[in-house]
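>>> please work out how this folds:
(chains A and B)
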There are 2 protein chains.
Amino acid sequence: MNKIRLVIVGGVAAGASSAAKARRCNEDAEIIMLEMGSDISYATCGLPYYLSGIIPERSHLLVATAKFFKQRFNVDVRTRHQVLRIDRSAQKVVVKNLVTGDLAEESYDRLILATGSTAVVRPLAGANLPFVFTLRTLEDADRIYEYLKNKNQDTAVVAGGGLVGMEAAENLAHKGMRVSVVEFMPQILSFLDREMAEVVRWHVQSKGVKIYLSEKLRLIEKKDGRGLVRTDTGRDLPADLVIMSVGIRPGTKLAKDAGLQIGVTGGIATDEFMQTSDPNIFAAGDCAEGINLVTGKPGLFPMGSAANKQGRAAGANAMGRRIAVKGFTGTVIVKVFDLAVAKTGLSEKEAVSEGISSLVTYVHPADHADYYPGAKGLRIKTISDRSSGRLLGAQVIGQKGVDKRIDVMATAVYNRMNADDLLQLDLAYAPPYSSARDPVVVAGAVSQNFRTGDWNPITPAELRDKMERGDDFVLVDVRTAKELKKTGIIPGAVHIPVDELRDRIGELHPGKETILYCAVGLRSYVGSRILAMKGFENIKVLTGSIASWTYPIELYRS
Amino acid sequence: MNKIRLVIVGGVAAGASSAAKARRCNEDAEIIMLEMGSDISYATCGLPYYLSGIIPERSHLLVATAKFFKQRFNVDVRTRHQVLRIDRSAQKVVVKNLVTGDLAEESYDRLILATGSTAVVRPLAGANLPFVFTLRTLEDADRIYEYLKNKNQDTAVVAGGGLVGMEAAENLAHKGMRVSVVEFMPQILSFLDREMAEVVRWHVQSKGVKIYLSEKLRLIEKKDGRGLVRTDTGRDLPADLVIMSVGIRPGTKLAKDAGLQIGVTGGIATDEFMQTSDPNIFAAGDCAEGINLVTGKPGLFPMGSAANKQGRAAGANAMGRRIAVKGFTGTVIVKVFDLAVAKTGLSEKEAVSEGISSLVTYVHPADHADYYPGAKGLRIKTISDRSSGRLLGAQVIGQKGVDKRIDVMATAVYNRMNADDLLQLDLAYAPPYSSARDPVVVAGAVSQNFRTGDWNPITPAELRDKMERGDDFVLVDVRTAKELKKTGIIPGAVHIPVDELRDRIGELHPGKETILYCAVGLRSYVGSRILAMKGFENIKVLTGSIASWTYPIELYRS
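Just a heads-up that it's a prediction; the model follows:
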């Protein structure tokens, strides 16, 4: 072992992981971890839950302390120390002690940049008012927590409907505040496809949180002693508290100033060993790029899970190892009130922007056998390559079993599985946990049915476009009369229950494009098979059927 | 489309799946489904829960009725019809109407055997007493249900501690009965390795159910108006109710009599298209073999999930399609009181019997971030090929998140992943669902540490053997004094807390075999790295440490 001097800039997820791993690879190294904040190794992802009291104690957020890192890993942790500059030729960093203001130099043999990300702050009148916060660091959370102790804070505006924005909105609502979310884009949770995000929006609104899409903040002000937000549509929203959560960007200033290569995504460019363009400097966590395993292109994966992996590899490799981080499938999950909302791989819109012609399927099975108590519906969207069949991505929304299905999908995407082979997976079945046909297996069967020519889907978006264009086709609702009474029918559809289809087939026209739908897509598939084998040449099934139809509900009020 | 005449023998999981799929492939076929029982397509896996009332209505178990199959799929369903014989040369079956006793012949172009499995009944004095039942079919459950209406039934003996036996025991206990399980083998749940089964046994016993291992029933009798079971050790157990659940065997009588090839497992031999040795006859479900995807050998996979897949393929292929069932990874899950208990791939003992030298790891992470409320511990065992690194199997036990981890493992095994690459999986992380290091990722990291030479495990079984042999080695407990006070120390171990190891390294001997343990295996790993880099040549870490130590607890009472 040799006495390598390792300096790590940043001590939260990636920094702390890299320090611990570096020590396990080299007992004799000198390891110095420099962190701007007062704490290291805290749970960034827990911050919103600390605000609501769901995580009751600040101490629960502290995964490890500086003292612990000294004792366990013999790491010299210096909090409230900011690295101002890297001198690559001299292999030194210039460090400012934020408490004393003193400047000092630290030499390094290897340097790891774990500088995280910073909240995007857009220029905005009133953005510096004392009730306007970002929620990125533990210190941000401390400030909000302190501010909320004042009992008169009962309205909040969250600017940005992304992951942290939605978590913040839920937790503030949980505290009893009236919360509005203002989102610049036409949808919340931009990692989802829009129609899936709509499902989440309805749910959030049903919980009393207001969401304003395609709007942005124009100004924040204090009026009659209360905070107020005005949006660019002229809407005024009461806001005793404003959380700015409009995005994050990788913390690359040090790297940029030092002339390290920055990738197309804006993150520090690294190879799979987390090595930057300077072989003595590694980068890990939110500040660094990773490889998107679906596209093969660099991407940003600002998740704690990615930071831990990259940090671990950077720590090992800074000590001379060669541990690879192969890349990421872009898996995301977020709790939004009663729903879990998850995605892995590419969304449909990402597939479009990659120029891939994709097959989109929706299925809506229960999370476990519906004859066993407590089953809840799932909404699963899969995106696969229409020609090769390769599974590109999936989105899952539901109350239970969402995390399981997205993790299976993530493992399938990692392994470059074909969507139809999801049918082959031998997933665990007992009534409390799944159905004899697991939801993932159902999605696989649906894809296989496409590939064998037994099922030809049309998505809700495509059907809506056809309707708007006034295309000539027959739309058939194959549900029961009882169901129609409850939900109405899509205007223009004819109604033939699937069990009457064999007898009433004469009411339809074999030469005409015929589109079938039902409640979730199973009966319309069965119906489409009957028609296909009786000479109908152009049949489509509305994938996911009524359950996937997230366009304005008025459309099918009868 | 042509007018194929398809006869299906059996109408529960595989039979019903095959009928529905056959119809979707051929609208003109004549499809006849012959079922011995009164009901088709019912939820066999729900039967134990019906006994306890957790599934409150019998009707909930009926997935589909004969009437439904006629209406939806135009299938001619005949219940209470038993097929007595297959005449392959004439392509006919001889059928007995169990209601009228009439015999008839049905010709077929294609035949699907979905004859399921039957409960093994061993010759035993008293086995025909009216309070002795098997629990395999809905009619079995009906009989038990009826019998239990009598309020004086408050003791039960379950013969056999397999899946159904444990489910029966739990549900009878749930009803308020005093339950004993008598298991012939030295462990319950034989799909598990023994030390994992021990964890389940402790849990079951903590719920008041008695378990007797390595015992079997010698006789059943009625004494003083109450039932009684005597085991081969002379133990008498009160038994108002006896459930015989000592195993199942594939229902192959028809196939055997007809001269179809029976596989080495005792199931009907099929190819991946579910075709038997007679090209006009297909088999699916419990009666048929499948391919074990780990070993490549035929196996029996008597699960509803397998039956559905095989039935679907058989139905399609009987209509001329070529849909493959690639095989199974042998995934199993069972709820046992508060625990979920699951396995996929090979167990350690199965790996041994396959002649594979395996690497065994245990990890004990929480199901989700421990700073978010409600986290529960998981116990994960992985088995991988020591030379190639290929993941062979996993076992998971815990209160929450077990089904998720086993399904990820099953997907990994299906894809022939290396155990260390579990570390690469991009699994969904948010505090309510997982940790930044998901338990599966932790298992991957541990395997990678082995492969990079940073971690050299010894299993609890191997350590116990070394202790019993009196090998010369130093055992080091690196936990805190406080922890030791709580649980005691493994006799003979020296105590050096990991954070003191750097200072007290002189108390150990670099030349001597040194085995470290802690609570779950993390600190002992850290400690082993310190020693390794200070010249210790033969260090091992007790994988899973105290948490994996399932040998008699007295061992480490201090």
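>>> so what's the backbone phi/psi at A:Glu500?
Torsion angles at A:Glu500 (phi, psi; degrees, to the nearest 10) stand at phi -100, psi 0.
>>> measure it to A:Val476 for me?
A:Glu500 is 11 Å from A:Val476, where distance means CB to CB, to the nearest Å. Where you see a C-beta, it was placed from the backbone N, CA and C, and this is true even at glycine.
>>> who has more neighbours out of these two?
A:Val476 (24 against 15; other CB atoms under 10 Å in any protein chain shown).
>>> what values do phi and psi take at that one?
The phi/psi pair for A:Val476 (degrees, to the nearest 10) is phi -120, psi 120.
>>> pull the longest helix from chain A.
helix A:304-318 (DSSP state H).
>>> what packs against that helix?
helix A:13-25, strand A:110-113, strand A:281-283, helix B:439-451 (3 or more CB pairs under 8 Å, 6 or more residues apart in numbering or on different chains; DSSP states H and E).
>>> give me the distance from that helix to the chain's centre.
Here helix A:304-318 is found 21 Å from its chain centre; the criterion is CA atoms, centre = their mean, to the nearest Å.
>>> avg pLDDT for it?
For helix A:304-318, mean pLDDT is 98.
>>> please apply the same query to stretch A:361-369.
The model assigns stretch A:361-369 a mean pLDDT of 96.
>>> what does it rub up against?
A:374-382, A:384, A:398-402, A:419, A:431-437, A:439, A:442-443, A:446-447, A:450, A:457, A:459, A:520-521, A:543-544, A:547-548, B:43, B:45-46 (CB atoms under 8 Å, 6 or more residues apart in numbering or on different chains).
>>> run the last query once more with 7 Å
A:375-382, A:398, A:400-401, A:431-435, A:439, A:442-443, A:446-447, A:457, A:520-521, A:543-544, A:547-548, B:43, B:46 (CB atoms under 7 Å, 6 or more residues apart in numbering or on different chains).
>>> so which of those belong to helices?
If you go by DSSP H, the contacts of stretch A:361-369 have A:Pro439, A:Val442, A:Ala443, A:Val446, A:Ser447, A:Ala547, A:Ser548 in helices.
>>> list only those of the residues you listed flagged as buried.
A:Pro439, A:Val442, A:Ala443, A:Val446, A:Ser447, A:Ala547, A:Ser548 (16 or more other CB atoms under 10 Å in any protein chain shown).
>>> please save the CA atoms from the following helix or strand past the longest helix of chain A in PDB.
Next helix or strand after helix A:304-318 toward the C-terminus (DSSP states H and E): strand A:332-336. Taking Å, rounded to 0.1, in the frame of the first residue of the first chain, the C-alpha atoms of strand A:332-336 are listed here in PDB:
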ATOM      1  CA  VAL A 332     -37.200   7.000 -10.900                       C
ATOM      2  CA  ILE A 333     -39.900   6.600  -8.200                       C
ATOM      3  CA  VAL A 334     -41.800   9.100  -6.200                       C
ATOM      4  CA  LYS A 335     -44.500   8.900  -3.600                       C
ATOM      5  CA  VAL A 336     -47.300  11.300  -4.400                       C
END
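>>> what's the mean pLDDT across strand A:332-336?
Strand A:332-336 comes out at a mean pLDDT of 98.
>>> same check on stretch A:160-178?
On average, stretch A:160-178 scores 97.
>>> could you confirm whether that stretch reaches chain B?
No. Using CB under 7 Å from any CB of the partner chain, stretch A:160-178 stays clear of chain B, with a minimum separation of 8.2 Å.
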